[in-house]
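Visitor: Task: produce atomic coordinates for the following.
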Amino acid sequence: MAEATKHHLPTINGGTLLSDLKSLFSILKTRRTVAFVYGFMFAFVAFTVFLAFSPSPNSGSPWFSNIFTSSSTSSSSSSFFSFLFPNGTSSPQQQNQTVAFAPQTEPSRSISTAAAQAPSVNKQPPLVKNQTQPTILNPNQTSTALPKQPLVTPKNTTSKPESTTLVKNQTESTQNSDKAAVFKANQTSIAAPKTPVAAAGNKSSNSAPQSGSPEKSVAQKGVESNYTASVLKKQSNETNSGVSVKKGKQGNDDLVKSLMNCDILHGEWVKDDSYPLYKPGSCPLIDEQFNCILNGRPDKDFQKFKWKPKDCTLPRLDGSHMLELLRGKRFVFVGDSLNRNMWESLVCILRNSAKDKSKVFEANGRTHFRGEASYSFIFKDYNCTVEFFVSPFLVREWEMPEKDGSKRETLRLDLVGRSSDLYKDADIVIFNTGHWWTHEKTSKGKDYYQEGSHVYGELNVLEAFRKALTTWARWVDAKINPRKSIVFFRGYSASHFSGGQWNSGGQCDSETLPISNETYLRPYPPKMLVLEKVLRNMKTHVTYLNITRMTDFRKDGHPSIYRKQHLSDAERRSPKSFQDCSHWCLPGVPDAWNEVLYAELLVKLYQNRQQQLQLQQQKRA
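Guide: I've put the predicted structure just below:
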């Protein structure tokens, strides 16, 4: 029966229906399995990609913008392509730019003479991304007023000083421009040509900005808007009365404008309890001659005065920032013991800011700084030196042989000092002379001044001073490269002897306060008028720091009888007959000279950056 039934089943293409159905289901099952597998794999891959590129709102994908966050402004696809093809995106890229000090073409506000150029730090305009290119200014350009130029301050700047450069990432270059104003009528300026220093190589920066400065602080000029407080951090003893960097373009620009249009040497001394810049007794490098507190001076207020210009605020000298400006540089003082006074002041200020003071030392291990021809302090962590060369006249002291075999001392008005070749290549040089021209031999001028083989029987001291400075000026023009070096000349600082001179019982030990009435200030020294005329005729730009008037107020700042600890028998018998009313206690007045110098450097940094930006704009146009 079964066999009969089997033979009566319908056939399909010669086969039985049952076998064909089984075969069909087997094929369908296989295809469904494959389709399921492919579908699962696709879903798994898609889900994995989704997790990888679209994580939680609290984190961001390395390639895609987070599609769950409201801050995202671009699609995931555009972000993906911007990662794969960074140069093909439409969004502007940040530019890496190196900025540094360089000599410039604007005149100084410091006196009536050519203004300062910023220290050995070269400035550069914004260029194409990831490119630094030096721009050289016109070397022999003379100006009597600041050129109008945009004050451009980049946004979103974070910076960390590296070598002498200030590095920044900026997203804009020429917008938000202002114009630099010309000098006021009562500001004197000797216009001498300035020439820039070639820019340094690329530097990178990655430090984050710090919190803002106190309300009374003033933004430092010459530094980008959001210049980080890590570079210009305040001194440890600084209070709100000090000057620090303000975050934001307006604060920076306001300070720059105020300093650029201000005679910073017209002002007054005001008491400020945040001074001095370094604690008395904290600097072992100060000569006994200037170390008044350790020598027993009982009053302390003379250290607490700071110089305050009438129309602006003088930035507090930030030693940390100054060290960064000097990184890899040579800063040389040349002149008499008053320049040694200023040199020791700056060394102490910078040493106080050095992180590792054991890496600040005199090159030859010296601990006393009188009697040698030169001294050099090394700041090892910054690869810079701050040096002093003794040259009280800036021209050469000489000896002429006499017929009897003896020698006569003369002053060669036609030859610069013997050490001049040792500092002609320094990055910053600050000269002075003056006090030695008041001594009896030089002031009388009899059988003392010499040119060639000729010794003048008598020569007026002002004429001799003019001849000597002219010799110095010609040497500067011939030997100092204005593309590399910045030259300053510090003016004369008055003595305050009463009842005599330095060698005739003059005194100042009873003075404990500055002069308050300008009527009692002395007339401007005729020798400084001679100096100004010489500077005006120079080819090389020289910044004249005219500290004469501001210093004349400070009759209280001299060592007087506190010039040494151990007195001789004669000094003990009559201690008040041996006083020093020419030099200055440290901490003290020379610290303020260095603050004026620092302000000049910051102004010139800013001005140079504006010039570089202006030149770049002209090239683009």
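Visitor: after the helix or strand containing R396, next one along is what?
Guide: Assigned by DSSP states H and E, R396 falls within strand 395-401. Going down the chain from strand 395-401, the next helix or strand is strand 407-416, by DSSP H and E.
Visitor: Okay, buried residues for the next helix or strand after that following strand please.
Guide: The helix or strand immediately downstream of strand 407-416 is helix 420-423, counting by DSSP H and E. By 16 or more other C-beta atoms under 10 Å, the buried positions in helix 420-423 come out as S420, Y423. Any C-beta I mention is one placed from the backbone N, CA and C, and that applies to glycine too.
Visitor: Contacts for the strand holding R396, please.
Guide: 407-418, 450, 455, 468, 471-472 (C-beta atoms under 8 Å, 6 or more residues apart in numbering).
Visitor: And for stretch 515-525?
Guide: Contacts of stretch 515-525 (C-beta under 8 Å, 6+ apart): G434, Y492, A494, T548, R549, D552, F553, R554, K555.
Visitor: Show me which of the residues you listed is closest to L597.
Guide: Here the nearest of those to L597, counting by C-beta to C-beta, is T548; it sits at 15.0 Å.
Visitor: for that closest one, what are its contacts?
Guide: Contacts of T548 by C-beta under 8 Å, 6+ apart are G491, Y492, S493, A494, Y524, P525, M528.
Visitor: what are the phi and psi angles of it?
Guide: phi -60, psi -50 (degrees, to the nearest 10).
Visitor: now the helices: where do they sit in this protein?
Guide: For the chain, the helices defined by DSSP state H cover 2-8, 17-53, 76-84, 249-260, 319-325, 337-353, 420-423, 440-444, 461-479, 526-536, 548-552, 569-573, 589-620.
Visitor: Out of those helices, name the one with the poorest average pLDDT.
Guide: Within those, confidence is poorest for helix 76-84, with a mean of 40 (mean pLDDT).
Visitor: Next up, the contacts around the nearest residue to S320 once chain neighbours are set aside.
Guide: Distances taken as C-beta to C-beta, 6 or more residues apart in numbering place S353 nearest to S320, at 4.6 Å, with adjacent residues excluded. Residues in contact with S353 (C-beta under 8 Å, 6+ apart) are Q235, D318, G319, S320, M322, L323.
Visitor: tell me which of those residues is nearest to Q303?
Guide: Q235 (14.5 Å).
Visitor: What residue spans form the domains of this structure?
Guide: As assigned by automatic domain parsing, the chain contains the domains 17-88, 165-620.
Visitor: Please work out which of the ones you listed is packed deepest.
Guide: Mean neighbour count (mean count of other C-beta atoms under 10 Å) peaks for domain 165-620 among the domains of the chain, with a mean of 19.
Visitor: hang on, the earlier thing: which one among the contacts of S353 gets closest to K604?
Guide: M322 (13.8 Å).
Visitor: Might you report the residue contacts of that closest one?
Guide: I349, L350, S353, Y598.
Visitor: just checking, the first one touches A592?
Guide: No: counting by C-beta atoms under 8 Å, no contact exists between I349 and A592, whose distance comes to 11.2 Å.
Visitor: ok, back up a step: redo the helices of the chain as a markdown table? Include distance to K310.
Guide: Output for those, formatted as a markdown table (distance: least, C-beta to C-beta, whole Å):
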| stretch | distance to K310 |
| --- | --- |
| helix 2-8 | 125 |
| helix 17-53 | 63 |
| helix 76-84 | 54 |
| helix 249-260 | 11 |
| helix 319-325 | 25 |
| helix 337-353 | 24 |
| helix 420-423 | 35 |
| helix 440-444 | 35 |
| helix 461-479 | 30 |
| helix 526-536 | 21 |
| helix 548-552 | 11 |
| helix 569-573 | 42 |
| helix 589-620 | 14 |
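Visitor: Out of those, which gets nearest to K279?
Guide: Across the helices of the chain, K279 has its closest neighbour in helix 337-353 (8.0 Å, C-beta to C-beta).
Visitor: where's the residue nearest to S391 when sequence neighbours are not counted relative to G505, distance?
Guide: Closest residue to S391 apart from its sequence neighbours, by C-beta to C-beta, 6+ apart: G417 at 3.8 Å. In this view, G417 and G505 are 32 Å apart by C-beta to C-beta, to the nearest Å.
Visitor: Alright, calling it a day.
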